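Student: Starting from these lines, generate the structure:
(2 chains)
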Amino acid sequence: MVLKIKNADQEIIDGILQNDSKTIALIYKNNFDRIKSMVRGFKNISLDAEDVFQEGLTRAIINVRKGNFKGDSSFPTYLYGICRNLCLKDYHKSKAIVDKEISDIKEEIEEDHFESLQLIIKLKDLLDDQCKRIIDLRFGIQQKEGVSTRFESIAKFLGINADNARQRFRRCFGKLKSLVSDHKELNALMT
Amino acid sequence: MKENTNNQLIEDYIDGLLKGKELADFQKRLETDTEFAKAYNHRIKLANLWQQADDYQKTKAQIRKVMDSESKSRFFNYRKTYYILAIAASVILLLGVYWLLSEQNGGLPWNQKNQMADVADTITFQMDKPDKLAKLKYVIQLISPENKQSFNVGDTIEFLWKSPVDTARIELLIKNRNNNETVFQIADYTKDHFSIASETLTPGEYTWSIQDTTNSRFFTIK
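Tutor: Numbers count the residues shown, from 1 in each chain, chains lettered A, B, ... in the order given. Modelled structure (predicted):
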């Protein structure tokens, strides 16, 4: 893969990869007003400029971390495009025109992916704290993607034995699967 | 029951607990048993989504925190600018009001001093409403009759002076020039002139002035 990222963007990309809040502040300072004007240009959308910027930057940052930002455009243009797509999607929520119009930023992929993440967060809120905790531990939150934590380690951490940890996880995972299967959109995304 | 067993098997496989034949059977089932493979993929996909959702949520929260802090500092900067502008505007307004008041009272203080010194036949006059205007000084100019002006019996003598303030209590004094006795005295709040018939006074020389002033003019009635 040939990266076309310009020097001006490289510092931003580095900052994002280092999870640097100062970089986020800099992005906000340099881009928020422009995005705010763009959002105000859309009439009758339910999103406000802050929400659009927050969601757009979250997606941009995650895409950068995943290596989906290839530098075809500058980072500010990339971010602007994502935010504009969010507004367009909200504006044309019930119109077929959406897919045709949301195509100007090729790098803003996996729209449905971000929606499925939002759905998972909603489902997570339906679980009790004990279940959230053990699923967090087993699914390796704060670990590399795809890495699970062994039940022995979870048991040590929670001060219970490994069999209890297994049972608790099995019960909680069952609840989660049931919530997912009850949710048509997410269930469709999972299969 | 079967689902529980399958789930248990998948978790054991993830933890690396399956060995030998158990492991080989598991891998073969993944290739041949569609439902089992689907359950396995579902488990892996859900775990990945769970992790990514957590990352998404934390990133979003981090961004909101930065946005709140930045917009707060922006707000304080705007407010600081607003205060500076408001103070500047107030100072300009006060200077403007001061200048206007000064102009009405004969110019700015430093100019006023010189002006007063240059005008002959004028006096400074303390206002009769000290609560409002005690600090303001005005000049009264004696205009007519001019010095040495003569009147014949039967003439009307018009006394004219100029005061910038209408409400000043002006007291006109006419004195006999020889013995300095007051022969006529009249006070008024609004007038800047007063007329008397020359018959009011006997022929002779007189001085006229405004009370409490040092300047005077003299005139003659033949």
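Student: got the contact list for the residue nearest the centre of chain B?
Tutor: Among the residues of chain B, the one closest to the centroid is residue B:90, at 2.9 Å (Cα atoms, centre = their mean). Residues counted as contacts of residue B:90 (Cβ atoms under 8 Å, 6 or more residues apart in numbering or on different chains): none. Glycine gets a C-beta too; all of them are placed from N, C-alpha and C.
Student: and residue B:64, how many neighbours does it have?
Tutor: Residues within reach of residue B:64, counting by other Cβ atoms under 10 Å in any protein chain shown, total 17.
Student: Check chain B for its longest helix and report it.
Tutor: The single longest helix within chain B, with elements called by DSSP state H, is helix B:34-104.
Student: avg pLDDT for it?
Tutor: Averaging pLDDT along helix B:34-104 gives 87.
Student: Contact partners for residue B:201?
Tutor: Residue B:201 sits next to B:174, B:183, B:184, B:221 when contact means Cβ under 8 Å, 6+ apart.
Student: Can you select the buried ones among the residues you listed for me in ChimeraX?
Tutor: The buried residues among these can be selected in ChimeraX (16 or more other Cβ atoms under 10 Å in any protein chain shown) with this line:
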select /B:174,184,221
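Student: Which of the contacts of residue B:201 lies at the shortest distance from chain A?
Tutor: Among these, residue B:174 lies closest to chain A (Cβ to the nearest Cβ), at 80.0 Å.
Student: Against residue B:145, how distant is that closest one?
Tutor: 10 Å (Cβ to Cβ, to the nearest Å).
Student: Mean confidence (pLDDT) on stretch A:173-191, please.
Tutor: Averaging pLDDT along stretch A:173-191 yields 83.
Student: Check chain A and tell me which residue is nearest its centre.
Tutor: In chain A, the C-alpha nearest the mean C-alpha coordinate belongs to residue A:114, at 4.9 Å (Cα atoms, centre = their mean).
Student: which bits of chain B sit near chain A?
Tutor: Within chain B, the positions lying close to chain A (Cβ under 8 Å from any Cβ of the partner chain) are B:4, B:7-8, B:11, B:14-15, B:38, B:42-57, B:59-60, B:62-67, B:69-71.
Student: now these: which count as buried?
Tutor: Using 16+ other Cβ under 10 Å, the buried ones in the residues of chain B next to chain A are B:7, B:11, B:14-15, B:42-43, B:46-47, B:49-57, B:59-60, B:62-64, B:66-67, B:70.
Student: which intervals of chain A have sub-threshold pLDDT?
Tutor: Low-confidence segments of chain A, defined by pLDDT under 70: A:1-7, A:94-111, A:142-146, A:191.
Student: switch the cut-off to 50
Tutor: Scanning chain A for pLDDT under 50 picks out A:1-2, A:94, A:96, A:98, A:107-108.
Student: now the farthest one out in it, which residue is it?
Tutor: Quick read of chain A (Cα atoms, centre = their mean): farthest out is residue A:161, 34.3 Å.
Student: coming back round to it: point me to the helix or strand that includes the residue nearest to the centre of chain A.
Tutor: Using DSSP states H and E, residue A:114 sits in helix A:111-126.
Student: Do any residues in that helix lie close to chain B?
Tutor: Yes. Helix A:111-126 reaches chain B (Cβ under 8 Å from any Cβ) through A:114, A:116, A:117, A:118, A:120, A:121, A:124.
Student: which among those end up buried?
Tutor: Buried subset of the residues of helix A:111-126 next to chain B (neighbour count, 16+ other Cβ under 10 Å): A:114, A:116, A:117, A:120, A:124.
Student: Quick check, the third one in contact with residue B:48.
Tutor: No. In this structure, residue A:117 is not within contact of residue B:48 by Cβ atoms under 8 Å, at 10.4 Å.
Student: Give me the common contacts of residue B:174 and residue B:145.
Tutor: residue B:208.
Student: hmm, back to that, state the distance from the residue nearest to the centre of chain B to chain A.
Tutor: 30 Å (Cβ to the nearest Cβ, to the nearest Å).
Student: Against residue B:99, how distant is that residue?
Tutor: Going from residue B:90 to residue B:99 by Cβ to Cβ gives 15 Å.
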